[in-house]
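J.: Based on what follows, work out the 3D shape:
(2 chains)
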Amino acid sequence: MTRFRVAVHIVPRKGLLDPQGKAVADALHALGFAGVADVRVGRHLVVDADATDARSAEQSVREMCARLLANPVTEDYEVAGVSVA
Amino acid sequence: MRIGIVTFPGSNCDDDTVAAVARVGATPVKLWHKDHDLRDVDLVILPGGFSYGDYLRAGAIARFSPIMREVAEHARRGGRVLGICNGFQIACEAGLLPGVLLRNDSLQFRSEMVRLRVENTGTMCTGLYEAGQLVRYPIAHGDGRYTADAGTVERLEGDGLVVFRYVDAAGEATAGASPNGAMHNIAGIVNADGNVLGMMPHPERALDDALGSSDGLALFESLVARVAA
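T.: Numbers count the residues shown, from 1 in each chain, chains lettered A, B, ... in the order given. I've put the predicted structure just below:
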């Protein structure tokens, strides 16, 4: 077993109203970042977990997302990186 | 009649709910989140509050409390469950009700009296109200924007499972009447079997005109009448 560090992004699903993202986008526009088209505010989680290899560490975190870390009704997730912890 | 009220770490409406249950002549039974036994209650109320600090998502962690396994089993057997505010969020996270409660569209925590229209008088909580009756209950939440996929909302509407809707003074469900941006101004829903009901407003805080409204009394009286029937 090796300890892996798996980073995962969880963001509100595109198309759903994200009031936090909208407020941040408005603030960025106010600062002069006119090119900002859309902002969504989500969560970034870093999970350290023991697994036989990187693939199974990632698979395990995907299952955690499906069952707890993300709400399947409103959120999407993507694994941002897998490395040896 | 025995009505269980669950206390999670961070619940803060449990004692108000105990008082409401006692007020209508039922026996309140306080249940602890670590309990494994519902102690023969006829109905379980998941009260308001901020269980587990709303970590991850409101209600997401509470559903793993030992007592929730019993509550889910109770619901599967047809047992009655009422989720109020955080209890509604927990019931959704536990899959006892469809959908999810997201951050209010205003991004503000809203603590105020709201006006609701009773949309379905056939539920365990609304038997003593008139169809279309307007009632006033307080709300106090930051995450109350009811959201579900389009098919689910269509089914809720088509099957009459929307129980309460936020409305304006004229009784219309306008966008401005919703304190949180909920789809279709939904404030409360019931499952298809009719045994699990969730709502964001607080009927247990609307039992006395001196506190702004006594419209919540009929909800608890309806519950007692239905469970006793």
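J.: what lines up beside whichever strand or helix holds residue A:8 in the sheet?
T.: In the assignment (DSSP states H and E), residue A:8 maps to strand A:2-12. Here strand A:2-12 is paired, per DSSP bridges, with strand A:43-51 (antiparallel), strand A:75-84 (antiparallel).
J.: List the buried residues in the last one.
T.: Read it as strand A:75-84. A:75-77, A:79, A:82 (16 or more other C-beta atoms under 10 Å in any protein chain shown). (C-beta placed from N, C-alpha, C; glycine too.)
J.: For those, could you give me TSV that also reports pLDDT and distance to residue B:165?
T.: Listed next are the buried residues of strand A:75-84 as TSV, based on pLDDT from 0 to 100; distance: C-beta to C-beta, whole Å:
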residue	pLDDT	distance to residue B:165
A:75	95	26
A:76	96	29
A:77	97	32
A:79	97	40
A:82	97	46
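J.: Which of those residues sits closest to chain B?
T.: Distance to chain B across these (C-beta to the nearest C-beta) is lowest for residue A:75, with 8.6 Å.
J.: bridging residues for the closest one?
T.: Counting by DSSP bridges, the residues bridging with residue A:75 are residue A:12.
J.: Show me which residues of chain B are close to chain A?
T.: B:56-57, B:60, B:93, B:99-100, B:102-107, B:145, B:147-149, B:181 (C-beta under 8 Å from any C-beta of the partner chain).
J.: Report the buried members of those residues.
T.: By 16+ other C-beta under 10 Å, the residues of chain B next to chain A give B:56-57, B:60, B:93, B:99-100, B:102-105, B:145, B:147-148, B:181 as buried.
J.: how far out from the middle of the chain is the strand holding residue A:8?
T.: From the chain centre to the centre of strand A:2-12 is a distance of 8 Å (C-alpha atoms, centre = their mean, to the nearest Å).
J.: pLDDT of it, averaged?
T.: Averaged across strand A:2-12, pLDDT comes to 97.
J.: Now the two most distant members of the buried residues of strand A:75-84.
T.: A:75 and A:82 (20.3 Å; C-beta to C-beta).
J.: Let me know the closest of the buried residues of strand A:75-84 to residue B:123.
T.: Using C-beta to C-beta, the buried residues of strand A:75-84 come closest to residue B:123 at residue A:75, 29.8 Å.
J.: Any figure for the gap between the residue of chain B most remote from its centre and residue B:203?
T.: Using C-alpha atoms, centre = their mean, the residue of chain B lying farthest from its centre is residue B:170. It sits 24.0 Å away. To residue B:203, residue B:170 is 23 Å away according to C-beta to C-beta, to the nearest Å.
J.: Equivalent analysis for residue A:42, please.
T.: Applying C-beta to C-beta, one obtains 34 Å for the distance of residue A:42 from residue B:203.
J.: for residue A:58, same thing?
T.: Counting by C-beta to C-beta, the gap from residue A:58 to residue B:203 is 46 Å.
J.: What about the residues of chain B next to chain A, which are in helices?
T.: The members of the residues of chain B next to chain A that map onto helices under DSSP state H are residue B:93.
J.: isn't residue B:114 right next to residue B:134, touching?
T.: No: taking contacts as C-beta atoms under 8 Å, residue B:114 lies outside contact range of residue B:134: 10.7 Å.
J.: quick one, which of the two is more surrounded?
T.: residue B:114 (22 against 16; other C-beta atoms under 10 Å in any protein chain shown).
J.: The more buried one in helix, strand or coil?
T.: Under DSSP: H, G, I helix; E, B strand; the rest coil, the three-state class of residue B:114 is strand.
J.: Could you say which one of the strands paired with strand A:2-12 comes nearest to residue B:218?
T.: Of all those, strand A:75-84 comes closest under C-beta to C-beta, at 37.4 Å.
J.: what's in contact with that closest one?
T.: With C-beta atoms under 8 Å, 6 or more residues apart in numbering or on different chains as the test, strand A:75-84 has contacts from A:2-14, A:42, A:44, A:54, A:57-58, A:61-62, A:65, A:69-70.
J.: Right, I'll leave it there.
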